[in-house]
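Engineer: let's see this in three dimensions:
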Amino acid sequence: MSIILGIDPGSRITGYGLIQVKPNNQYTFIACGCVRIEKETLGNKLKYIHEVITELVQTFSPVEAAIEQIFFHENPGTALKLGQARGAAIAAAALHGLSIHEYTARQVKKSIVGYGAAQKEQMQHMIQVLLNLKEKPQVDAADALAIALCHAYTRQGLLNIKGVAVKMRYRRLR
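Structural biologist: Got it, this is the predicted structure:
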C-alpha cells in the first residue's frame, strides 16, 4: 500500500490531495485541501507553499507526488508565477525523497472523465464518485485528487503492460 500526493499548483491557490493505493487497485481518500495565499510577497507565498507541502509529507508519508505540468498561458507573468509555485511544491516533495511525476491537464482530465477537455464540474463529480466522497471537494482540491488518481492509474497501467510483456516473452521461450 502506498500513498500518493497530488498537487495542483497555483500562486494564489494550490490544491493538494492524498490517496492511498491498496492491493487490487483500490483507491482510498486520505485528505485534500487548498493552500490559499493572499496579499503576500512572492517570496512569502513560495515559502508558505513549501512549508505546507513539507508538513503534508511529514504527516502522511507519501512515497510519490504527482503534479500538473505548466500549460501555455497568455500572460507570461502569470505563467512565471505559476512555475515558481510549482517549483516550490516540487522542491518540498523532492527534498523528502518523493519521486515526482508530471501530467498535463489534458492527461488528467482524460484519465478521470474520459475526455481531455472536461469541465471543472465534471471533474469534481467524478472525483466524488471515484473516491466515494459524501460531498464534492473544492475545485482545486478536486484537481489535486484527480492528479493523484491519474498517476495511480498510469502507474498501474504501466505495471500491467510490463507484466504482459514478461509473460509473452516467457511463452516464446518455451
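
Engineer: next one: the spatially closest residue to Phe29 that is not a sequence neighbour from Gly97, what distance?
Structural biologist: Spatial nearest neighbour of Phe29, chain neighbours left out: Leu131 (4.2 Å); criterion: CB to CB, 6 or more residues apart in numbering. The way it works is simple: take the backbone N, C-alpha and C, and place the C-beta from them, glycine included. Separation of Leu131 from Gly97 (CB to CB, to the nearest Å): 26 Å.

Engineer: same drill for the two, tell me which one is more crowded.
Structural biologist: Between Leu131 and Gly97, counted using other CB atoms under 10 Å, Leu131 has the larger neighbour count: 20 against 8.

Engineer: hmm, that one is touching Gln26, no?
Structural biologist: No. Counting by CB atoms under 8 Å, Leu131 sits too far from Gln26 to count as a contact (10.6 Å).

Engineer: ranges for the strands of this protein?
Structural biologist: 2-8, 13-22, 26-36, 64-68, 99-103 (DSSP state E).

Engineer: and Lys81, which of these is closest to it?
Structural biologist: Among those, strand 13-22 comes nearest to Lys81, with 11.6 Å by CB to CB.

Engineer: by contact count, what packs against the closest one?
Structural biologist: Applying 3 or more CB pairs under 8 Å, 6 or more residues apart in numbering; DSSP states H and E, we find strand 13-22 packed against strand 2-8, strand 26-36, helix 42-60, helix 139-173.

Engineer: of these, flag the one that's most buried.
Structural biologist: strand 2-8 (a mean of 25; mean count of other CB atoms under 10 Å).

Engineer: now do that one: everything it contacts.
Structural biologist: 14-21, 30, 53, 56-57, 60-68, 86, 89, 93, 98, 140-141, 143-152 (CB atoms under 8 Å, 6 or more residues apart in numbering).

Engineer: any idea of the mean pLDDT for that strand?
Structural biologist: The average of the pLDDT scores along strand 2-8 is 97.
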